[in-house]
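S.K.: Here is my input; please provide its structure:
(one chain, ligands or ions: 1)
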Amino acid sequence: MSLPKIYTDKTAARRHLEKLQWPDGPFCPHCGNADPGRITLLKGKSTRPGVYKCRECEKPFSVTVGTVFERSHIPLHKWLYAAHLLTASKKGISSHQLHRMLGVTYKTAWFMAHRIREGMRPASMTPMGGAGKTVEIDETTSGKLEGAPARMHKGGTQFRNIVLTLVEHGGSARSFHIDGTTMATLVPIIRANISRESAIMTDEAPWYTAVGKEFASHDAVMHTAKEYVRGNVTTNTVEGYYSIFKRGMKGIYQHCSEKHLHRYLAEARWSAFAASALLIGGLTRPTSPRQLARHFLRWRSRRG
Ligand SMILES: [Zn+2]
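M.R.: So this is what the prediction gives:
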């Protein structure tokens, strides 16, 4: 069995990463410029392939800027292969195995594994929101728990994974795989992740009432009364996030087991910046690629 080219060829690896990082074309990680007319691919014998120059800030960049692969002498395809091996094997993989499979020294393999694991860690847990900012909170169900009966009646949450999501308007999103919608599970997450000065928006679920009083304001839309937007009170942003997240799960992960849900949530967070930027942008102002890029940069800097 031969390996896909992205694991054996550095050009294929770079193109693959470009497609993932820049689905709408390259943008400058220094200033957020995403205007294709103001970005040029540098060609010349002395430049490495895949280096672009931003005509806004005059700085060069490539797809690896800001990633764990930046400034590495290890070829990109070996990085991708290592990341694949580390994420695809259920029991994990040792640095010794990596060293043999990648043809790099043991020391290099250990370093790579360390950097990749670091890159997979959840977003930094500095609180979201703040004075004058709004955070929507909502929960949804996804997939079945292991051992759930084959036939379940609709709407039953007993045997389903529950996901709690916090979305800051114009900012980032965080999702948590939780055991149940009790105050004991929800409240500590909400307290640890949202700044007290934020305004929060939820639906009318009773578990939000008490903790809501700890924030600058708490507004709830009455979903049971078919109310989704009242003035500027809404949970449409977080629901838009869920619709994208669930579509992704259906398309890519047909069988999402409990064990791996957290990983998919981390990936969903990656695309959520675009979702929230588009949704909010669509409501308040036109969204250009440049605005999207700014949203992305803000989102990534918050990830710290
Ligand atoms: Zn720039």
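
S.K.: Quick one: low-confidence residue ranges for the stretch 101-250 of the chain.
M.R.: Counting by pLDDT under 70, the stretch 101-250 of the chain has low-confidence residues at 117-125, 142-161, 171-172, 179, 223-250.

S.K.: at 80 what do you get?
M.R.: Applying pLDDT under 80 to the stretch 101-250 of the chain flags the ranges 114-126, 140-163, 169-185, 221-250.

S.K.: Can you mark which positions in stretch 76-84 are buried?
M.R.: In terms of neighbour count (16 or more other CB atoms under 10 Å), stretch 76-84 has its buried residues at 76-83. C-beta: built from backbone N, CA, C; applies to glycine.

S.K.: Contacts for that stretch, please.
M.R.: Applying CB atoms under 8 Å, 6 or more residues apart in numbering, the external contacts of stretch 76-84 come out as 3, 6-10, 12-14, 16-17, 64, 68-69, 72, 98, 101-104, 109, 112-113, 116.

S.K.: If we check the ion, which of those are in contact?
M.R.: The subset of the contacts of stretch 76-84 lying close to the ion, counting by CB under 5 Å from the ion, is empty.

S.K.: Just those residues: which are in strands?
M.R.: Assigned to strands by DSSP state E, none of the contacts of stretch 76-84 qualify.

S.K.: ok so, going back, need the buried residues of stretch 76-84 in CSV (columns: secondary structure).
M.R.: CSV is the format used below for the buried residues of stretch 76-84 (DSSP: H, G, I helix; E, B strand; the rest coil):
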residue, secondary structure
Leu76, helix
His77, helix
Lys78, helix
Trp79, helix
Leu80, helix
Tyr81, helix
Ala82, helix
Ala83, helix
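
S.K.: thinking again about what came up before, could you tell me which of the contacts of stretch 76-84 are located in helices?
M.R.: Within the contacts of stretch 76-84, membership in helices is found for 10, 12-14, 16-17, 98, 101-102, 109, 112-113, 116, as judged by DSSP state H.

S.K.: ok, and the most crowded of those residues?
M.R.: Per-residue neighbour counts (other CB atoms under 10 Å) across the ones in helices among the contacts of stretch 76-84 peak at Met112, which has 26 neighbours.

S.K.: Please list all residues in contact with that one.
M.R.: Shown in contact with Met112 (CB under 8 Å, 6+ apart): 74, 78-79, 82, 98, 102, 104.

S.K.: Wait, a helix at Thr40?
M.R.: No: assignment of Thr40 by three-state DSSP gives strand, placing it outside any helix.

S.K.: wait, isn't it in contact with Val51?
M.R.: No: contact between Thr40 and Val51 fails when scored by CB atoms under 8 Å: they sit 10.0 Å apart.

S.K.: Identify, from the buried residues of stretch 76-84, the entry nearest to Thr181.
M.R.: Ala83 (34.3 Å; CB to CB).

S.K.: what separates that closest one from the ion, distance-wise?
M.R.: Between Ala83 and the ion the computed distance is 27 Å (CB to the ion, to the nearest Å).

S.K.: hmm, back to that, which pair in the ones in helices among the contacts of stretch 76-84 spans the largest distance?
M.R.: Using CB to CB, the pair of the ones in helices among the contacts of stretch 76-84 lying farthest apart is Ala12 and Ala113, separated by 22.6 Å.

S.K.: Does the helix or strand where Val135 lies pack against any helices or strands, and if so which?
M.R.: Secondary-structure assignment from DSSP states H and E places Val135 in strand 134-144. Identification of packing neighbours for strand 134-144 by 3 or more CB pairs under 8 Å, 6 or more residues apart in numbering; DSSP states H and E yields strand 160-168, strand 199-203, helix 236-252, helix 258-284.

S.K.: Please write out the alpha-carbon positions of it in PDB.
M.R.: Below are the C-alpha coordinates for strand 134-144, written out as PDB (Å, rounded to 0.1, in the frame of the first residue of the first chain):
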ATOM      1  CA  THR A 134     -22.300  39.600  24.100                       C
ATOM      2  CA  VAL A 135     -21.900  35.800  24.500                       C
ATOM      3  CA  GLU A 136     -24.600  33.400  23.400                       C
ATOM      4  CA  ILE A 137     -24.900  30.100  25.200                       C
ATOM      5  CA  ASP A 138     -26.800  27.100  24.000                       C
ATOM      6  CA  GLU A 139     -26.600  23.300  24.100                       C
ATOM      7  CA  THR A 140     -27.300  20.700  21.500                       C
ATOM      8  CA  THR A 141     -27.200  16.900  21.100                       C
ATOM      9  CA  SER A 142     -25.000  15.000  18.700                       C
ATOM     10  CA  GLY A 143     -24.800  11.300  17.900                       C
ATOM     11  CA  LYS A 144     -25.500   8.400  20.200                       C
END
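
S.K.: Good, we can wrap up now.
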